[in-house]
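> With the sequence up front, the predicted model follows.
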Amino acid sequence: MAKIKGAVVVDREKCKGCEVCVVTCPTETLALATEVNSKGYHYSYAANPETCIGCSNCAVVCPDGVITVYKVKVG
Amino acid sequence: MADITFNDIIKPENLTYKKSKLMTDNVMHYCPGCGHGTAHNVLAEVLEEEGLQERTVGITPVGCSVLMYNYIDVDFQEAAHGRAPALATAVKRLMPDKFVFTYQGDGDLAAIGTAETIHTCNRGENILMLFINNGIYGMTGGQMAPTTLPGMKSSTSPYGRDVSMMGSPIKMADIVAMLPGTCYVTRQSVNTAAGVRKLKKALKKAVQYQNENRGTCFIEVVSNCPSGWKMTPVESNKWMEENMFPFYPLGDIKVPAE
């Protein structure tokens, strides 16, 4: 069976740290950073990038459209 | 399998989801976690996928989404408070080949513009009305709106909405569904990925019905207002699921016969 591997890219400067993507992610890939961006928001980032399955749920619910999702079939 | 790296995945051919090209690069002024942004994204995606950019006219309301024309790259016209359906009527009648939609909040559509809303739906104008219902006047500081739930606290009902004094909340979608002019009436949400995808399907149906001149399409989106409700975005979504959804049940209210 082919395995899917995904990757998320978050535009850190535009992220407002609302945490909606973190709650939506089924594999706990995303988390809020302890650092802040230039506006003072704890931006979202891929804390566990190896678990991403590229389902794009995070990007779909992101109110600011800052998440881009890539996905590739391996094996 | 383990040798595939992050940079191997991030290639244009592997792109799965990117925000719509119709969304501009301006940073939205909405509060973190606001449902308006998600609704904008879905709307832009649908307009892009249906190839409607050149022939869409949107009517922006008064409220938080008043600056919507900065974020979606289609033609817009600004209406006075509550008068978006009246303006949309004029635009659609003068330019019947355009795709016309209004985007309104609950203070705009359910309070100040009730007459316009009901009569536009009653006449069955061929427009799409997108109604964002967050149960509060978000922009002006969280005052009580007609859609505020019984017992819900707002800045003008600090002890909760008292139904004996202030009346019951209005279910606008159910009201317009009773009118013969409406073609498609549905209530959706944008707090989960599944909800967003359902809203996208509903918007595509609305585009199809407007192309077929079937009548008014009315889509209510139950949304959150983290700042007005004084909660974090995640808490507000949870509160919305527990309190708003039982009163405003999601799903299709009126679907046209095929």
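It's in.
> What is the end-to-end distance of stretch B:146-161?
10 Å (Cα to Cα, to the nearest Å).
> How far away from the center of its chain is it?
How far stretch B:146-161 lies from its chain's middle: 22 Å, per Cα atoms, centre = their mean, to the nearest Å.
> And for stretch A:44-53?
Distance, centroid of stretch A:44-53 to centroid of chain: 6 Å (Cα atoms, centre = their mean).
> That one near chain B anywhere?
Yes - applying Cβ under 8 Å from any Cβ of the partner chain, one finds stretch A:44-53 in contact with chain B at residue A:49. C-beta: built from backbone N, CA, C; applies to glycine.
> send the alpha carbons of that stretch over as CSV?
C-alpha atoms of stretch A:44-53 as CSV (Å, rounded to 0.1, in the frame of the first residue of the first chain):
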residue,chain,number,x,y,z
SER,A,44,1.7,27.9,14.3
TYR,A,45,4.4,25.6,13.0
ALA,A,46,4.9,21.9,12.1
ALA,A,47,6.2,20.6,15.5
ASN,A,48,6.1,17.0,14.2
PRO,A,49,6.6,17.2,10.5
GLU,A,50,7.1,13.5,10.0
THR,A,51,3.5,12.7,11.1
CYS,A,52,1.9,15.0,8.5
ILE,A,53,-0.4,13.1,6.1
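> Name the residues that touch it?
Stretch A:44-53 is contacted from outside by A:4-8, A:10, A:12, A:15, A:17, A:19, A:21-22, A:26-33, A:58, A:67, A:71, B:6, using Cβ atoms under 8 Å, 6 or more residues apart in numbering or on different chains.
> for chain B, what are the nearby residues on chain A?
Checking chain A against chain B by Cβ under 8 Å from any Cβ, the hits are A:3, A:5-7, A:9, A:14, A:16-20, A:23-24, A:41, A:49, A:54-57, A:59-72, A:74-75.
> by contact count, what packs against the helix or strand hosting residue B:173?
If you go by DSSP states H and E, residue B:173 is part of helix B:172-177. Contacts defined by 3 or more Cβ pairs under 8 Å, 6 or more residues apart in numbering or on different chains; DSSP states H and E place helix B:172-177 against helix B:114-123, strand B:128-133, strand B:182-189, strand B:216-222, strand B:251-254.
> Would you convert these into a markdown table that also reports mean pLDDT and distance to residue B:66?
Output for these, formatted as a markdown table (pLDDT from 0 to 100; distance: least, Cβ to Cβ, whole Å):
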| stretch | mean pLDDT | distance to residue B:66 |
| --- | --- | --- |
| helix B:114-123 | 95 | 17 |
| strand B:128-133 | 96 | 12 |
| strand B:182-189 | 96 | 22 |
| strand B:216-222 | 96 | 17 |
| strand B:251-254 | 95 | 28 |
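> Between these, which one is closest to chain A.
Between chain A and the helices and strands packed on helix B:172-177, the tightest spacing by Cβ to the nearest Cβ is seen for strand B:182-189, at 10.7 Å.
> Indicate each strand paired with the closest one and its parallel or antiparallel sense.
With DSSP bridges as the test, strand B:182-189 is paired with strand B:216-222 (parallel), strand B:251-254 (antiparallel).
> avg pLDDT for stretch B:51-60?
What stretch B:51-60 shows for mean pLDDT is 95.
> what about the strands in chain B?
Counting by DSSP state E, chain B has strands at residues B:15-17, B:56-60, B:75-78, B:99-105, B:128-133, B:136-137, B:143-144, B:182-189, B:216-222, B:251-254.
> pull the CA atoms of the fifth one into CSV?
Put plainly, it is strand B:128-133. What follows is strand B:128-133, C-alpha atoms only, in CSV (Å, rounded to 0.1, in the frame of the first residue of the first chain):
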residue,chain,number,x,y,z
LEU,B,128,-26.9,34.7,-3.5
MET,B,129,-27.2,36.0,0.0
LEU,B,130,-24.4,34.9,2.3
PHE,B,131,-25.4,35.5,5.9
ILE,B,132,-22.7,35.2,8.6
ASN,B,133,-24.5,34.7,11.9
